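kindly return the folded structure for what I paste below:
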Amino acid sequence: MHTTVSPQQTLPNDAQRATLIGRVWLPGAGGGPTAVVLRGDELIDLSHVAPTVSDLLELPDPVAAVQAAPRKPVGTLSDALAHPGSADHVHLLAPCDLHAIKAAGVTFAASMLERVIEEKARGDASQAQAVRRLVVEVVGEDLSRVKPGSPQAQKLKDVLIEQGMWSQYLEVGIGPDAEIFTKAPAMSAVGTQSDVGLHPGSTWNNPEPEIVLVIDSHGRVRGATLGNDVNLRDFEGRSALLLGKAKDNNGSCAIGPFIRLFDAHYGINDVRSAVVQLEVKGTDGFEMRGSSSMKMISRDPLDLAAQAIGATHQYPDGLLLFCGTMFAPTQDRGTAGHGFTHQLGDLVTIHSERLGSLVNRVNLSDRMPPWTFGLSALMRNLAARGLLNTR
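The predicted model follows:
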């Protein structure tokens, strides 16, 4: 169930000066996943600069290496977007490959309160409204001024414990340690225009529109992209120990459309000031819009990166890190008081002006094609193409 979009819908508003790295599928004999850079409408092959996007980001100066790459087009973005998922045409994949895919949770005050509500409601959407009123009475609606790990945060924690309202979500939201978890295995993410998957047993779920940091093996943030950290609110609300099942299912991680490398025109301060917009359009006529401002994040993106990789944890192939979202939908869809949940066929668009748009349609994980092209398949493919001795 692929969705066709135009280059104008896909690209950043300043695409002409952005360094945009992606991956495409090249059809036919000798084809396979290939790193590319976008120049105008042309997709330029980078496979002889680096066999994988991970290898590219390990180069001393990825931007310079990309700029020096010879012009070897493998197709156009217009054509790739017109044939999503086609085995016979070049089409976009998620722009990451060997990277670990990690996520930081509960990094915004607004979504932190919704996590507390999920927990107190035990994953039952019908109880959420009443629990929301109770939590807000005790905690208030604005925790954005509370710095995680500060004496003020500790004082708030003591008060909440006394009133029986402390939560594991508040611990990672305002405590000293960020929640960093594994979102999905390497190579499992889907790209723009692909379906995203919901576990068929879920009845309360939502998209999570996020900025995703692209980090090399030395902990340097090399760029950013967009992600949909598809979430099952009922599973996680029943027990935090079900986080893996709530977060990691077939097609439940979408990343793209491109990685925007940090260069003279785009850097970490642009990430810090980014606004991520969400639009959901249902086949039933339902529409929902929201936004998430990175200015409201409780922890700086570089702090999140430092908590994800360092002396205590290494990622030899680099990692992608979802930064979290302040967007937690409460708009009713159907039964009053039950809030939002997806329906099959929902079209989800995540957009940020400097990163473009990630577009996916909602399906069930067990109805989607199974994930079969993993790390061993990639290595065999690259070896057959003679690309493993590039570096």
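
in terms of pLDDT, where does Gly386 sit?
Per-residue confidence (pLDDT) for Gly386: 94.

run a quick neighbour tally on it.
Counted with other C-beta atoms under 10 Å, the neighbours of Gly386 add up to 12. C-beta coordinates here come from the backbone N, C-alpha and C atoms, glycine included.

Provide a list of residues in contact with Arg23.
Pro33, Thr34, Ala35, Val36, Val53, Leu92, Leu93, Ala94, Pro95, Cys96, Asp97, Gly191 (C-beta atoms under 8 Å, 6 or more residues apart in numbering).

could the residues you listed go into CSV alongside secondary structure and neighbour count?
Listed next are the contacts of Arg23 as CSV, based on DSSP: H, G, I helix; E, B strand; the rest coil; neighbours: other C-beta atoms under 10 Å:
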residue, secondary structure, neighbour count
Pro33, strand, 21
Thr34, strand, 24
Ala35, strand, 29
Val36, strand, 31
Val53, helix, 28
Leu92, strand, 25
Leu93, strand, 26
Ala94, coil, 29
Pro95, coil, 28
Cys96, coil, 30
Asp97, coil, 23
Gly191, coil, 25
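
Asp216: which of these is nearest?
Ranked by distance to Asp216 (C-beta to C-beta), the contacts of Arg23 are led by Val53 at 10.8 Å.

pick the one among the contacts of Arg23 closest to Glu162.
Cys96 (44.8 Å).

from Met379, how far out is the residue most central in space within the chain?
Central residue of the chain (C-alpha atoms, centre = their mean): Gly227, 2.3 Å from the mean position. As judged by C-beta to C-beta, to the nearest Å, Gly227 and Met379 stand 25 Å apart.

which element is the closest residue in space to Leu355 that isn't next to it in sequence on?
With C-beta to C-beta, 6 or more residues apart in numbering as the criterion, Leu355 has its nearest non-adjacent residue at 5.2 Å, and that residue is Leu226. In this structure, Leu226 sits in strand 221-229 according to DSSP states H and E.

can you name every helix or strand that that strand contacts?
Here strand 221-229 touches strand 209-215, strand 253-261, helix 301-308, strand 319-322, strand 347-352, strand 356-364, going by 3 or more C-beta pairs under 8 Å, 6 or more residues apart in numbering; DSSP states H and E.

could you redo the last one with a cut-off of 7 Å?
Using 3 or more C-beta pairs under 7 Å, 6 or more residues apart in numbering; DSSP states H and E, the elements in contact with strand 221-229 are strand 209-215, strand 253-261, strand 347-352, strand 356-364.

outside of the third one, which residues touch it?
Strand 347-352 is contacted from outside by 3, 196, 207, 209, 226, 228, 274-281, 357-362, using C-beta atoms under 7 Å, 6 or more residues apart in numbering.

pLDDT value on the residue of the chain positioned farthest from its centre, please?
When distances to the mean C-alpha position of the chain are computed (C-alpha atoms, centre = their mean), the maximum falls on Glu162, with 36.4 Å. pLDDT, Glu162: 73.

same thing with Val139?
Val139 is given a pLDDT of 58.

same check on Phe262?
pLDDT for Phe262: 98.

quick one, what contacts the residue nearest to Ala87 when sequence neighbours are not counted?
Distances taken as C-beta to C-beta, 6+ apart place Pro27 nearest to Ala87, at 6.1 Å, with adjacent residues excluded. When contacts are counted by C-beta under 7 Å, 6+ apart, Pro27 touches Ala87, Asp88, His89, Val90.

one more time with 10 Å, if that's ok
Pro27 sits next to Gly75, His83, Ser86, Ala87, Asp88, His89, Val90, His91 when contact means C-beta atoms under 10 Å, 6 or more residues apart in numbering.

turn the helices and strands packed on strand 221-229 into a markdown table, columns for mean neighbour count.
Shown next, in a markdown table, are the helices and strands packed on strand 221-229 (neighbours: other C-beta atoms under 10 Å):
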| stretch | mean neighbour count |
| --- | --- |
| strand 209-215 | 27 |
| strand 253-261 | 28 |
| strand 347-352 | 23 |
| strand 356-364 | 24 |
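
just send the ones you listed back as TSV, with distance to Gly374 too.
Output for the helices and strands packed on strand 221-229, formatted as TSV (distance: least, C-beta to C-beta, whole Å):
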stretch	distance to Gly374
strand 209-215	20
strand 253-261	14
strand 347-352	25
strand 356-364	21
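
which of these sits closest to Phe322?
Among these, if distance is taken as C-beta to C-beta, the winner is strand 209-215, at 4.7 Å.

partner strands of that closest one, with direction?
Its sheet considered, strand 209-215 pairs with strand 221-229 (antiparallel), strand 319-322 (antiparallel) by DSSP bridges.

now the element after the first one, going C-ward?
In this case it means strand 221-229. Heading C-terminal from strand 221-229 (DSSP H and E), you reach strand 231-232.

output stretch 164-171 as PDB, nothing but the C-alphas.
Extracted in PDB, the C-alpha atoms of stretch 164-171 (Å, rounded to 0.1, in the frame of the first residue of the first chain):
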ATOM      1  CA  GLY A 164       1.600   8.300  45.800                       C
ATOM      2  CA  MET A 165       1.900   9.800  42.300                       C
ATOM      3  CA  TRP A 166       5.500   8.900  41.500                       C
ATOM      4  CA  SER A 167       6.100   7.100  38.200                       C
ATOM      5  CA  GLN A 168       8.900   5.400  36.300                       C
ATOM      6  CA  TYR A 169       8.100   7.800  33.500                       C
ATOM      7  CA  LEU A 170       8.700  10.800  35.800                       C
ATOM      8  CA  GLU A 171      12.000   9.200  36.900                       C
END
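
and it, how far out from the chain's middle?
Centre-to-centre, stretch 164-171 and its host chain are 25 Å apart (C-alpha atoms, centre = their mean, to the nearest Å).

equivalent analysis for stretch 175-184, please.
Centroid separation between stretch 175-184 and its chain, computed with C-alpha atoms, centre = their mean, is 14 Å.

that's all I had, so thanks and see you.
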